[in-house]
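Visitor: give me a 3D structure for the following:
(chains A and B)
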There are 2 protein chains.
Amino acid sequence: MSALRIGVCGNGTVGGGTIELLRDQASLLASRAGRPLALTRVGARRDRDDCPLGDVPVHRDLLEVAQAEDVDVLVECIGGTELARDLVETALRSGKSVVTANKALIAEHGNALLALAEECGQSLLCEAAVAGGIPILKALRDGMAANTVTEVSGIINGTGNFILTEMGAHQRSFDDVLAEAQALGYAEADPTFDVEGVDAAHKLSILAAMAFSTPLNFSGVFCEGISAVTPADIQFADELGYRIKHLGIAKAHADGVELRVHPTLLPKDALLANVDGVLNAVRLEGHAAGETVYSGAGAGRLPTASAVVADIVDLARAGAEPVHCLGVPVKALKALPTLPMEAVSSAWYLRLQAEDRPGVMSQLASCLGAEGISIEALIQKPPKAAAATVPVVVLTNTAREDALRRAVAAISALPGITEPHCIRIESLD
Amino acid sequence: MSALRIGVCGNGTVGGGTIELLRDQASLLASRAGRPLALTRVGARRDRDDCPLGDVPVHRDLLEVAQAEDVDVLVECIGGTELARDLVETALRSGKSVVTANKALIAEHGNALLALAEECGQSLLCEAAVAGGIPILKALRDGMAANTVTEVSGIINGTGNFILTEMGAHQRSFDDVLAEAQALGYAEADPTFDVEGVDAAHKLSILAAMAFSTPLNFSGVFCEGISAVTPADIQFADELGYRIKHLGIAKAHADGVELRVHPTLLPKDALLANVDGVLNAVRLEGHAAGETVYSGAGAGRLPTASAVVADIVDLARAGAEPVHCLGVPVKALKALPTLPMEAVSSAWYLRLQAEDRPGVMSQLASCLGAEGISIEALIQKPPKAAAATVPVVVLTNTAREDALRRAVAAISALPGITEPHCIRIESLD
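Guide: Numbers count the residues shown, from 1 in each chain, chains lettered A, B, ... in the order given. Here you go, the predicted structure:
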């Protein structure tokens, strides 16, 4: 069969890895794809020593690649959402399918781009945009095809997981570990996207759209980062049988979907609680398959390129048939209401500083009880010499977020109680 | 698009679950498959109350379903290898693709059946044959398409994992837990296939064929069951930082492949070490994606049916293009030599009973040292009152199996040493 002709835009980490795999695995890929995968064009603003291209033509104007006659599939690895969007639109309108690793692009402009792809009779795939080398989008789209998926949760930001793991293993502060992560290249100079959860929210919106056959809804994702988690929180959680992970969680209910990214206490025996360092892991709950968990490298040159090339193989095998990125045509997606966080229920970890005098604990319990929230576990440490206050940690039963917030407001108003800090708990069962 | 017409043979656990999903998920499936999936025929030796069929015609002669004009895809859920083989061959020769959950059939006759499928221009898929609801074959075939896969290992028999988990959690004997597993329906009345590793060997041969693009080689799988594992082994392993799991392991080396099923000590922080009860989990090592791990329900009505129906959706999406079960056409498979177990290397756990007298430990160490094997860890418990011997446990460094066997033979010949028992150790890194 004739070769599938690939144009890769971007020759950095992911683009360079993709070019490497297309070259080094050419024979294997031809066998698996049923036809050769030929790199015909590269778009790059500058040459790189770590990405030798042989005699493949290089274009400084990336849009030329998106329009080249000898390109069937455009691979977008330039990142960002401005030029990338232009590039993808141009490629689709020029009758090329597109493979991208760009989660921000899909999360923010995916609805329009997927509609455009269908209009143009092309495919737009993005396996590499979520959880790097883990084929989680294919697991959802293909493996879970018979399932009504009710929940997707996961550790989908490796930087955040690395920071929490290091904080817990060595009792180090967030700032200290973040500086190391930046030195190691795990975290960007501006770490906001990673540590404040924006990156995870991008990915969660893609997972949720696919899981629930609903349009992408990035702006509906509640987002809380990990910068407020302290080594003490990790230590208290450990004493109570939990680990703290930064999770993206999407749940489908009869009245809408929950979409949220936040630090989460997980029971130590949950598989996700045992996924450490820069690894990612995603848990799916399907009505038929039950719980399945997928873990692996969430980033990196070859893991991400592995996902990009797997998408190219999918396109090669599909031939003229477009592959629907979200598993169904865009017109079959159903908009679902997003539940406000006030209506979301979970159990809670509540840490605060309390003056060590009679009556404080009873008032604390009363504030919770007034909202129908009961205490499942409690830690109060003996006061250190000369310390005016002692840390108190409470685990509650499952409560609606609005009730918990009212209770915490009342607790904060109590004399002798300061610094209340809350973290949600998930059982993942 | 016109419906894909399905004939299901077998209305028991998996067949019944498949029929249930095709009926209850019809609308979702039509959307995801791009065309309706219509159940047109059922083959079953008797009706079952738990599998209502509405007005779908039922055939007592299963071969009629395999030849029916209004069947595009035959689903084989009858089990066994005699009639099932006949049924699958008949369907393929009649121009139907086949989906099967039958690991024994594929492991033992897959090479001939896959060749026949290609000859007939049809597909033969078997996602449900390995690890139930976990879409592990799709992960290998599609997700890892860009990878040279060097290793597949996994907990691929839920019954065995349940037994080992229970033995460890409650210090119960193998026989005791096996009886419970039989009462719970997890283990067959004749548990040989599960506990002696034959079932796992069937599945491993399928995983290895797909991972390494090589013909199925069930007879090449070394197979050791779990019946010799004792609660004491699990306890000693725990003290040394390990858990015992029954693993299937396939590794590709330059000079051939290892194919083996046996009890294995895993470090407690390995993800597979934390997969308990009837769950399955498979770990893939790809040159690009690195390590990815997949876990979930390895058996059961709906998890297995979820995999069957996912295969049907694959066929519906592929249209006229055959889907190659092993990722490449049969003619592209390359026979690889199987390494004899003597040439396989691993670290070892060695337990024995030793007389509590001077010189025994030194002789034991000498026997290992003579084969170039060093001791990495050792446990010797104080003698119980009146006990003539004490248990001794040794962990060795990595050694070739033939060297270890020679050392153990020498140790067994020592006066005062009895009951030597060996278990392999894998680090999975």
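Visitor: which residue ranges of the stretch 251-400 of chain A form strands?
Guide: Here the stretch 251-400 of chain A has its strands, by DSSP state E, counting those that start in this stretch, at A:256-267, A:279-286, A:290-297, A:345-355, A:375-380, A:389-396, A:399-400.
Visitor: quick one: closest of those strands to chain B.
Guide: Closest of those to chain B is strand A:290-297, at 3.5 Å (criterion: CB to the nearest CB). Quick note: C-beta positions are derived from backbone N, CA and C, even for glycine.
Visitor: what helices and strands are in contact with that closest one?
Guide: Counting by 3 or more CB pairs under 8 Å, 6 or more residues apart in numbering or on different chains; DSSP states H and E, the packing neighbours recorded for strand A:290-297 are strand A:279-286, strand B:290-297.
Visitor: now the ones you listed in a markdown table, with mean pLDDT?
Guide: Listed next are those as a markdown table, based on pLDDT from 0 to 100:
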| stretch | mean pLDDT |
| --- | --- |
| strand A:279-286 | 98 |
| strand B:290-297 | 97 |
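Visitor: kindly reformat these as a markdown table containing distance to B:T389 and mean neighbour count.
Guide: As requested, the helices and strands packed on strand A:290-297 are exported to a markdown table (distance: least, CB to CB, whole Å; neighbours: other CB atoms under 10 Å in any protein chain shown):
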| stretch | distance to B:T389 | mean neighbour count |
| --- | --- | --- |
| strand A:279-286 | 45 | 26 |
| strand B:290-297 | 40 | 25 |
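Visitor: got TSV for those strands, with distance to A:V323 too?
Guide: Converted to TSV, those look like this (distance: least, CB to CB, whole Å):
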stretch	distance to A:V323
strand A:279-286	20
strand B:290-297	21
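Visitor: alpha carbons of the helix or strand that contains A:M167, as CSV, please.
Guide: Assessed by DSSP states H and E, A:M167 sits inside helix A:158-170. Output in CSV follows, covering the C-alpha atoms of helix A:158-170 (Å, rounded to 0.1, in the frame of the first residue of the first chain):
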residue,chain,number,x,y,z
GLY,A,158,3.9,14.4,36.8
THR,A,159,5.5,17.5,38.2
GLY,A,160,2.9,17.8,40.9
ASN,A,161,3.2,14.1,41.8
PHE,A,162,7.0,14.4,42.0
ILE,A,163,6.7,17.4,44.4
LEU,A,164,4.2,15.6,46.6
THR,A,165,6.2,12.4,46.6
GLU,A,166,9.4,14.2,47.6
MET,A,167,7.7,16.3,50.2
GLY,A,168,6.3,13.1,51.8
ALA,A,169,9.4,11.0,51.5
HIS,A,170,11.8,13.6,53.0
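Visitor: quick one: it to strand A:290-297, angle?
Guide: 90 degrees (axes from the mean of the first three to the mean of the last three CA atoms, to 10 degrees).
Visitor: so for whatever helix or strand comes next after helix A:158-170, what gets flagged as buried?
Guide: As assigned by DSSP H and E, the chain's next helix or strand after helix A:158-170 is helix A:174-184. When burial is assessed from 16 or more other CB atoms under 10 Å in any protein chain shown, helix A:174-184 yields the following buried residues: A:F174, A:V177, A:L178, A:A181.
Visitor: could you list every helix and strand in contact with helix A:174-184?
Guide: Applying 3+ CB pairs under 8 Å, 6+ apart, one finds that helix A:174-184 contacts helix A:158-170.
Visitor: over to A:G12: give its phi and psi.
Guide: Main-chain dihedrals, A:G12, degrees, to the nearest 10: phi -90, psi -140.
Visitor: leaving out chain neighbours, which residue sits closest to it?
Guide: Leaving aside its sequence neighbours, A:G12 sits nearest to A:C77 (CB to CB, 6 or more residues apart in numbering or on different chains; 6.9 Å).
Visitor: the one you found reaches A:V308, doesn't it?
Guide: Yes - here A:C77 reaches A:V308: they are 7.3 Å apart, a contact under CB atoms under 8 Å.
Visitor: okay, and the common contacts of these two?
Guide: Common contacts of A:C77 and A:V308 (CB atoms under 8 Å, 6 or more residues apart in numbering or on different chains): A:V14, A:T18, A:A101.
Visitor: so which of those residues is the most crowded?
Guide: A:T18 (31 neighbours; other CB atoms under 10 Å in any protein chain shown).
Visitor: surely it is within a helix?
Guide: Yes - A:T18 forms part of a helix when assessed by DSSP: H, G, I helix; E, B strand; the rest coil.
Visitor: residue contacts, it?
Guide: Contacts of A:T18 by CB under 8 Å, 6+ apart are A:V8, A:V75, A:C77, A:A305, A:V308, A:V309.
Visitor: most widely separated two among the residues you listed?
Guide: Greatest spatial distance among the contacts of A:T18 (CB to CB): A:C77 and A:V309, at 11.6 Å.
Visitor: higher neighbour count, the two?
Guide: Counted by other CB under 10 Å, A:C77 and A:V309 do not tie: A:V309 has more neighbours, with 31 against 27.
Visitor: and the contacts of the helix or strand bottoming out on mean pLDDT in chain A?
Guide: When the helices and strands of chain A are scored by mean pLDDT, DSSP states H and E, helix A:192-195 comes last with a mean of 89. By CB under 8 Å, 6+ apart, the residues outside helix A:192-195 that reach it are A:N157, A:T159, A:G160, A:I163, A:L178, A:A187, A:E188, A:V198, A:D199, A:G225, A:I226, A:S227.
Visitor: if we use 6 Å, what do you get?
Guide: With contact meaning CB atoms under 6 Å, 6 or more residues apart in numbering or on different chains, helix A:192-195 is reached by A:N157, A:T159, A:G160, A:A187, A:D199, A:G225, A:I226, A:S227.
Visitor: least confident of those residues?
Guide: Lowest in pLDDT among the contacts of helix A:192-195 is A:A187, which has 79.
Visitor: which residue sits closest to that one, ignoring its sequence neighbours?
Guide: Nearest to A:A187 is A:A181, by CB to CB, 6+ apart, at 3.9 Å.
Visitor: which residues touch the residue nearest to A:G12?
Guide: A:C77 neighbours (CB under 6 Å, 6+ apart): A:G10, A:V14, A:G15, A:A101.
Visitor: 8 Å - rerun?
Guide: Contacts for A:C77 were tallied using CB under 8 Å, 6+ apart; they are A:V8, A:C9, A:G10, A:N11, A:G12, A:V14, A:G15, A:T18, A:T100, A:A101, A:N102, A:V308.
Visitor: surely the fifth one is in contact with A:D50?
Guide: No - counting by CB under 8 Å, A:G12 does not reach A:D50; the two are 9.2 Å apart.
Visitor: neighbour count: those two, which is higher?
Guide: A:G12 (16 against 11).
Visitor: show me chain A divided up by domain.
Guide: Here the domain assignment for chain A is A:4-133+A:301-329, A:136-297, A:344-425, based on automatic domain parsing.
Visitor: re earlier: would JSON lines of the shared contacts of A:C77 and A:V308 with pLDDT be doable?
Guide: Output for those, formatted as JSON lines (pLDDT from 0 to 100):
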{"residue": "A:V14", "pLDDT": "96"}
{"residue": "A:T18", "pLDDT": "98"}
{"residue": "A:A101", "pLDDT": "97"}
